[in-house]
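# below is the structure, and that's it, no one-letter string:
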């Protein structure tokens, strides 16, 4: 029978890729769980501990690295960010798929430790449209927009570490989320995830 | 943008896997075209030339092998069976997916020549259920049923050449066909089929 364990999905996408909306569509299906990162950065107004992040001290974070409880972590602007391992493994064991919303460096770290992880790069249809989307939001300064665009150029240099590229043609609809669900359905019946096909097929006790 | 070329799908499945029904569901979507094999075997009553097979002479078949127009071929019970290459390539170029319904030996030959082909093994949920299905048909002799079951045991020894295994839980519904459509959607956005992601993303002339 098909492999029943959940998949570890890494979803990376630049600003304007509509990552948040796509992830919300996935969560609504009930088959996906979002991995809440741990961080040493202080909470911003409105951020909820345990929902946006697990806000912990640097001392606690370093203790958890040492005890092997960080699946991956990176330091960014003097703060540590990481994925709690125990939570992740509980989700996968329950048969649900785990979404890690992380950037290219973290994605490469996950793949190195979990070769079975599925790495998906979510992109707007083109750089031009990404730029339009960021400007149409009207919520960010020109400087911030240019910074985000420059960062996209930098990150896409490593696009070959991903397994799949999904284009989000319309930031609002469900097409990209459905594409990701197809990837999950497909990966679950990949032969590499279903060893002993013949043995199981002929076995009477399943 | 996503790769627009069709996929070459090899679908193999033992007697009782419901291959015919699944293929019909796929054909109904309009995104798939069935590859009609060429054979030197004489037509059986009711078989239509160009629909069930292209019935050709051994001389013609051998000429087409020599001229490179057989994508793969095998000899079985003194008859030749093969996949016409030109037709196959026209379908793929049109963006439709091509279904080759062939057995394990032919599947391996296709994969060797077309590493991009996607090999799918369609199976009943278990050997026990396969046996039940064959008996419930009530159309075949006991000898023929045992022969088909023995052949399944032989063929599954090579199950590791396939990329995906799809279980057809209910011979009549569309679940297995939908699973195959997920595989196709997923494979089309695999990074290995979409080279130059970054280059295309930043290019203004698409």
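Received, thanks. No experiment lies behind these values; they were computed from the predicted model shown.
# confirm residue A:179 sits in a helix?
Yes - under DSSP: H, G, I helix; E, B strand; the rest coil, residue A:179 sits within a helix.
# how about the strands in chain A?
A:8-12, A:32-34, A:38-39, A:54-55, A:70-76, A:79-84, A:97-100, A:118-123, A:164-167 (DSSP state E).
# ranking those strands by mean pLDDT, which is last?
Least confident of the strands of chain A, judged by mean pLDDT, is strand A:70-76 with a mean of 89.
# end to end on stretch A:189-199, go ahead and measure it.
Start and end residues of stretch A:189-199 are separated by 16 Å (CA to CA, to the nearest Å).
# quick revisit: can you list the strands of chain A in a markdown table and add distance to residue A:186 and mean neighbour count?
Heads up, the C-betas are built off the backbone N, CA and C, glycines and all. A markdown table is the format used below for those (distance: least, CB to CB, whole Å; neighbours: other CB atoms under 10 Å in any protein chain shown):
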| stretch | distance to residue A:186 | mean neighbour count |
| --- | --- | --- |
| strand A:8-12 | 13 | 25 |
| strand A:32-34 | 16 | 19 |
| strand A:38-39 | 31 | 20 |
| strand A:54-55 | 32 | 16 |
| strand A:70-76 | 24 | 17 |
| strand A:79-84 | 24 | 20 |
| strand A:97-100 | 13 | 22 |
| strand A:118-123 | 10 | 25 |
| strand A:164-167 | 10 | 24 |
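# how about the ones you listed, which one is nearest chain B?
Chain B sits nearest to strand A:164-167 of all the strands of chain A, at 4.9 Å, using CB to the nearest CB.
# which helices and strands sit right next to that closest one?
Judged by 3 or more CB pairs under 8 Å, 6 or more residues apart in numbering or on different chains; DSSP states H and E, strand A:164-167 is in contact with strand A:118-123, helix A:175-188.
# would you mind listing what in chain A touches chain B?
A:1-2, A:121, A:123, A:125-128, A:153, A:156-157, A:159-160, A:162-167, A:179, A:181-183, A:185-187, A:189-191, A:194, A:197-198, A:201-204, A:206 (CB under 8 Å from any CB of the partner chain).
# buried subset of those residues?
When the residues of chain A next to chain B are checked for burial by 16 or more other CB atoms under 10 Å in any protein chain shown, the buried set is A:121, A:123, A:126-127, A:156, A:159, A:162-167, A:179, A:181-183, A:185-187, A:189-191, A:194, A:197-198, A:201.
# low pLDDT regions in chain A?
Scanning chain A for pLDDT under 70 picks out the ranges A:1-3, A:171, A:204-206.
# contacts for stretch A:186-206, please.
Stretch A:186-206 has contacts (CB atoms under 8 Å, 6 or more residues apart in numbering or on different chains) with A:1-3, A:7, A:116, A:118, B:121, B:123, B:126-128, B:153, B:156-157, B:159-160, B:162-166, B:179, B:182-183, B:185-187.
# then stretch A:86-101?
Contacts of stretch A:86-101 (CB under 8 Å, 6+ apart): A:4-12, A:19, A:23, A:26-27, A:31-36, A:69, A:71, A:83, A:106, A:110, A:117, A:184.
# repeat that for 7 Å
A:4-11, A:19, A:23, A:26, A:31-35, A:69, A:71, A:83, A:110, A:184 (CB atoms under 7 Å, 6 or more residues apart in numbering or on different chains).
# gap between the two ends of that stretch?
Its first and final residues considered, stretch A:86-101 spans 17 Å by CA to CA.
# at which residues are the helices of chain A located?
Secondary structure of chain A (DSSP state H): helices located at A:19-28, A:58-66, A:85-93, A:104-113, A:127-137, A:142-156, A:175-188, A:197-202.
# how about those helices in JSON lines, adding distance to residue A:49?
Below are the helices of chain A laid out as JSON lines (distance: least, CB to CB, whole Å):
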{"stretch": "helix A:19-28", "distance to residue A:49": "19"}
{"stretch": "helix A:58-66", "distance to residue A:49": "13"}
{"stretch": "helix A:85-93", "distance to residue A:49": "14"}
{"stretch": "helix A:104-113", "distance to residue A:49": "21"}
{"stretch": "helix A:127-137", "distance to residue A:49": "27"}
{"stretch": "helix A:142-156", "distance to residue A:49": "26"}
{"stretch": "helix A:175-188", "distance to residue A:49": "27"}
{"stretch": "helix A:197-202", "distance to residue A:49": "44"}
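# which of those helices is buried the deepest?
Ranked by average neighbour count under the criterion mean count of other CB atoms under 10 Å in any protein chain shown, the helices of chain A are headed by helix A:175-188 at a mean of 22.
# quick one: distance of that helix to the chain centre.
Relative to its chain's centre, helix A:175-188 lies at 14 Å (CA atoms, centre = their mean, to the nearest Å).
# in space, what's closest to residue A:157 - neighbours in sequence excluded?
The shortest distance from residue A:157 to any non-neighbouring residue, by CB to CB, 6 or more residues apart in numbering or on different chains, is to residue B:198 (6.7 Å).
# and the one you found, how far is that from residue B:4?
Residue B:198 is 19 Å from residue B:4, where distance means CB to CB, to the nearest Å.
# same question, residue A:60
50 Å.
# against residue B:78, how distant is residue A:119?
Separation of residue A:119 from residue B:78 (CB to CB): 50 Å.
# do residue A:153 as well
62 Å.
# over to residue A:175?
Distance of residue A:175 to residue B:78, computed by CB to CB: 51 Å.
# what do you get for residue A:4?
Computed as CB to CB, the residue A:4 to residue B:78 distance reads 46 Å.
# swap in residue A:15?
Using CB to CB, residue A:15 is found at 65 Å from residue B:78.
# if you count what's nearby, which of those two comes out ahead?
Comparing residue A:15 with residue B:78 by other CB atoms under 10 Å in any protein chain shown, the one with more neighbours is residue A:15, at 19 against 8.
# contact partners for the closest residue in space to residue A:8 that isn't next to it in sequence?
Closest residue in space to residue A:8, ignoring its immediate chain neighbours: residue A:117 at 4.2 Å, by CB to CB, 6+ apart. Residue A:117 is in contact with A:8, A:10, A:110, A:111, counting by CB under 7 Å, 6+ apart.
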